[in-house]
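Student: here you go, sequence then predicted model.
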Amino acid sequence: MFPSPVLAGTVITTVTRGGSLHATVSIINIYKEGNLAIQQAGKNMSAKVIVVCKQCPLLRRGLNYIIMGQVGEDGRGKIMPNSFIMMFKTKNQKLLNVLKNKQC
């Protein structure tokens, strides 16, 4: 696994495959990119993430999340048991901007 990305985004697609949830997240803001593969179409950026554990929270289409996970060799985000996911609210923005300046 590669360095952990931290991002806020809206889940735009979800598909269950092989016991894992595969999601595409439209990025609101990136706080730590790590080696996450980011697709860009005009001003819109998105990333693919996979929820690989049964105990991890499910990502629901249309909702905004803060996601801190890992990145696989393929550049996709991986949500593991030790990952962090929570609902994103704009009031969290100031606190999250601190992460941009920290070295991890």
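Tutor: Great, that's in hand.

Student: in contact with the residue positioned nearest the centre of the chain, which residues?
Tutor: By C-alpha atoms, centre = their mean, the mean C-alpha position of the chain lies nearest to residue 67, the distance being 4.1 Å. Counting by C-beta atoms under 8 Å, 6 or more residues apart in numbering, residue 67 touches 5-9, 25, 49, 77, 79, 83-85. (Glycine included, C-beta is placed from N, CA and C.)

Student: ok, the residues you listed vs residue 17, which is closest?
Tutor: Nearest to residue 17 out of the contacts of residue 67 is residue 49 (C-beta to C-beta; 12.9 Å).

Student: so which residues of this structure form helices?
Tutor: 93-101 (DSSP state H).

Student: roughly how far does residue 83 sit from residue 41?
Tutor: 26 Å (C-beta to C-beta, to the nearest Å).

Student: for the chain, which residues score under the pLDDT cut-off?
Tutor: For the chain, applying pLDDT under 70 flags the ranges 1-3, 90-104.

Student: same thing but at 80, please
Tutor: Where the chain drops to pLDDT under 80, the residues are 1-3, 54-57, 89-104.
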